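> Predicted model, plus sequence, below.
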Amino acid sequence: MSENKWTLKDNMESSWLRFSRRMMNEYEGTHLGMHRRWTHKSGPTSTGYIKKYWRNYGVIPRKYIIGLLNKFIGQSFNDFVNEFNHKIKDFNGIDKHSYTKYIDCGDYFKREKYSFDEHFVYDPYGGERPYYVDENGIIHKHEIKVENTKNKGLNKIQLAYNKRLFIPKFGCVRINPIDNHHYQLEDYNFEEKYRNPVYFFDAFVFVNNKVVKLPIYGCGTEIYHYYNYYCHSNPNGKGYYKKDNYCWTHSDIHHSNDIRSMKIEDEWVGIPSTNLPGVKTSHHYHIRTKNPIYEKTLQEMNSTNDLSTIQKCTDKLKMLKEYDIFDFGMGDNINYFIKRSDYEKVSD
């Protein structure tokens with residue numbers, strides 16, 4: 001076992017020593033007593049921990065784990081785990097199974113009763129793990145295809161370009177706001193002009209195993225959401241409207257929208273966000289407006305003579321704000337598209 005240990009940075013230090021601006025505003029003059037700062041309810045000791053007694057190191061750098069795995073290619077997985085545990089034993093708050101982001105789960109893991117989240121994979125490998133363990137418990141390395149990586153073949157300049165792009169300031173795109181992170185994707189929740197894809201920007205995108213710069217369009221409505229998902233496993237999008245080839249279990253959406261689905265398929269091709277590395281995927285627009293739940297409860301109370309209902313509504317109104325801040329944006333998962341005419345040009 002190696003005598004060398006990993007050196008990890010304590011990521012709590014800066015937050016523990018930071019002055020609270022809100023707290024400082026409570027003081028007049030220019031002097032701030034250190035005793036008051038350390039005992040104030042928002043000060044460093046407010047959580048019950050003092051810095052010198054609690055150090056949290058958080059995440060192990062990827063290069064450490066990859067470097068160690070490379071040293072153990074062709075060797076026992078159990079020996080790797082022992083070495084890994086040896087290197088992290090002095091650190092608090094560490095994910096002790098973080099190496100599982102990089103190693104395929106196979107029969108060996110089931111036989112040895114290793115358990116971890118099989119769906120969690122480190123992003124740069126695009127859903128694939130670069131290492132695997134054979135039935136004898138020996139570590140091997142996969143060859144990861146470039147098109148399956150997070151960068152999707154983009155070079156550094158192209159990736160930096162995508163990261164600099166900003167979603168246009170569309171403002172309010174919804175009629176009904178996002179409700180407790182439930183995006184309510186039905187058409188009637190959106191302004192009419194946002195019920196179909198709208199132009200966002202020109203970006204570098206990975207299409208048909210090549211990187212091209214194309215106009216990118218976005219939409220957040222339900223039928224486009226499922227069509228985009230369909231395109232993840234059917235890259236050209238064809239066949240979406242056919243009754244024997246529906247996306248997931250949402251056939252009721254497509255049965256009632258066959259004509260529209262055919263038109264969508266003819267005009268657009270959905271692009272997974274992994275094919276647009278670096279591009280932002282969320283749009284929010286917050287407005288302070290009347291609370292619809294408050295309004296609905298008030299109407300219910302005013303439309304009945306039942307005393308128990310009135311009392312129930314009264315109690316509920318006391319707990320609600322008449323006005324609140326709501327999100328009228330597209331949400332956290334924008335669905336991106338390119339025009340089929342552009343797709344066909346780059347397919348030649």
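Great, that's in hand.
> Quick check: closest non-adjacent residue to I94.
I88 (5.0 Å; Cβ to Cβ, 6 or more residues apart in numbering). C-beta here means a position set from N, CA and C on the backbone, and glycine is covered the same way.
> Quick check on that neighbour: phi, psi?
Note on I88: its backbone torsions stand at phi -110, psi 0 [degrees, to the nearest 10].
> Enumerate the beta-bridge partners assigned to the spatially closest residue to T289 that is not a sequence neighbour.
Spatial nearest neighbour of T289, chain neighbours left out: F326 (6.0 Å); criterion: Cβ to Cβ, 6+ apart. Beta-bridge partners of F326, counted by DSSP bridges, are I287.
> Around F326, how many other residues sit close by?
F326 is flanked by 19 other residues according to other Cβ atoms under 10 Å.
> Do I have it right that it meets H284?
No - between F326 and H284 there is no contact under Cβ atoms under 8 Å: 10.4 Å.
> ok, back up a step: show the model's pLDDT score for the residue nearest to T289.
Looking at F326, its pLDDT is 84.
> Grab the nearest non-local neighbour of Y132.
Once flanking residues are discounted, Y132 sits nearest to D104: 3.8 Å by Cβ to Cβ, 6+ apart.
> where does that neighbour land on pLDDT?
Per-residue pLDDT puts D104 at 79.
> can you pull the contacts of it?
By Cβ atoms under 8 Å, 6 or more residues apart in numbering, D104 lies in contact with R129, Y131, Y132, V133, H142.
> distance of the last one from E83?
The spacing between H142 and E83, counted by Cβ to Cβ, to the nearest Å, is 21 Å.
> do the first one as well
As judged by Cβ to Cβ, R129 and E83 stand 19 Å apart.
> With the second one instead?
In this structure, Y131 and E83 are separated by 15 Å, where distance is defined by Cβ to Cβ.
> quick one, strands of the stretch 51-200 of the chain?
For the stretch 51-200 of the chain, the strands defined by DSSP state E, counting those that start in this stretch occupy 131-133, 139-141, 198-207.
> Where does G270 fall, secondary structure wise?
strand 268-271 (DSSP states H and E).
> Same question for T297.
In this structure, T297 sits in helix 292-302 according to DSSP H and E.
> tell me what that helix is packed against?
Helix 292-302 sits against helix 307-319, with contacts defined as 3 or more Cβ pairs under 8 Å, 6 or more residues apart in numbering; DSSP states H and E.
> can you pull the buried residues of the helix it packs on?
Residues of helix 307-319 classed as buried under the neighbour-count rule (16 or more other Cβ atoms under 10 Å) are C313.
> low-scoring pLDDT stretches of the protein, where are they?
1-3, 9-58, 105, 113-127, 144-152, 180-181, 242-258, 348 (pLDDT under 70).
> what residue of it is the furthest out?
Relative to the C-alpha centroid of the chain, counting by Cα atoms, centre = their mean, N305 is the outermost residue, at 47.6 Å.
> ok, back up a step: in contact with the residue nearest to I94, which residues?
W6, I60, I94, K96 are the contacts of I88 under Cβ under 8 Å, 6+ apart.
> now do I287
I287 sits next to C172, P177, I325, F326, F328 when contact means Cβ under 8 Å, 6+ apart.
> any idea how far K290 is from the fourth one?
Think F326. Distance of F326 to K290, given as Cβ to Cβ: 9 Å.
> mind giving me the domain split of the chain?
For the chain, automatic domain parsing gives the domain ranges 13-53, 62-148, 156-284+329-346, 286-327.
> most tightly surrounded among the ones you listed?
Most buried of the domains of the chain by mean neighbour count (mean count of other Cβ atoms under 10 Å) is domain 156-284+329-346; its value is a mean of 17.
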